[in-house]
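Engineer: Sequence first, then the predicted structure, then my questions.
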Amino acid sequence: MNVLGRYDRVDLPEFGLKNIHAKIDTGAWTCSLHCHKAEVIDGELEFILFDEEHPEFTGLKFRCKDFENREIKNSFGEVERRFIIQTSIKIYDEDILAEFSLSNRGSLKFPILIGRKILRDRFLIDVKKINLSYKEKRAKKRKVRQSKFN
């Protein structure tokens, strides 16, 4: 079983995003994704990930036909209505289909929060560690580059 630390970098392949900072939160049930703007247009959810302040902000609008609008309890215990989407998240070499609530995480350090729903039975958490999957990914890339020169 792979180990994760308190935070790491993950990929969201369906959005073309790589190495995005993510907080591992064993206190949260679901995952959350920083969304700048989300609205339903002609029955489809249209949203922009991150915001102008975020280094990975592209301004690209994404559209999703399959979504829900659900009540979610935030970290303060208050209930909020949020859009919920499903997309894959890549951690280590594993593509995991996960539910993400879209919320404004602009004031928070990490644009992605990974909850225990996808952590359970997949990863062990060591809060003394950080970026374990990202470090492994970088080490593999270095080996590939080195083997091309040998």
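Structural biologist: Cool, the structure landed.
Engineer: Residue 127 against residue 5, yeah?
Structural biologist: Yes: using Cβ atoms under 8 Å, residue 127 is in contact with residue 5, at 6.9 Å. Just so you know, the C-beta spots here come from the backbone N, C-alpha and C atoms, and that holds for glycine as well.
Engineer: Compare the two (neighbour count), which wins?
Structural biologist: In this view residue 127 and residue 5 are compared by other Cβ atoms under 10 Å, and residue 5 has more residues nearby, 17 against 11.
Engineer: Regarding the residue lying closest to the more buried one once chain neighbours are set aside, what is its secondary structure?
Structural biologist: Using Cβ to Cβ, 6 or more residues apart in numbering and skipping the chain neighbours, the partner closest in space to residue 5 is residue 129 (3.2 Å). Using DSSP: H, G, I helix; E, B strand; the rest coil, the structure places residue 129 in coil.
Engineer: One more: residue 35?
Structural biologist: Three-state call for residue 35 (three-state DSSP): strand.
Engineer: Tell me which residues touch it, please.
Structural biologist: If you count contacts by Cβ atoms under 8 Å, 6 or more residues apart in numbering, residue 35 has them with 47-50, 83, 102-104.
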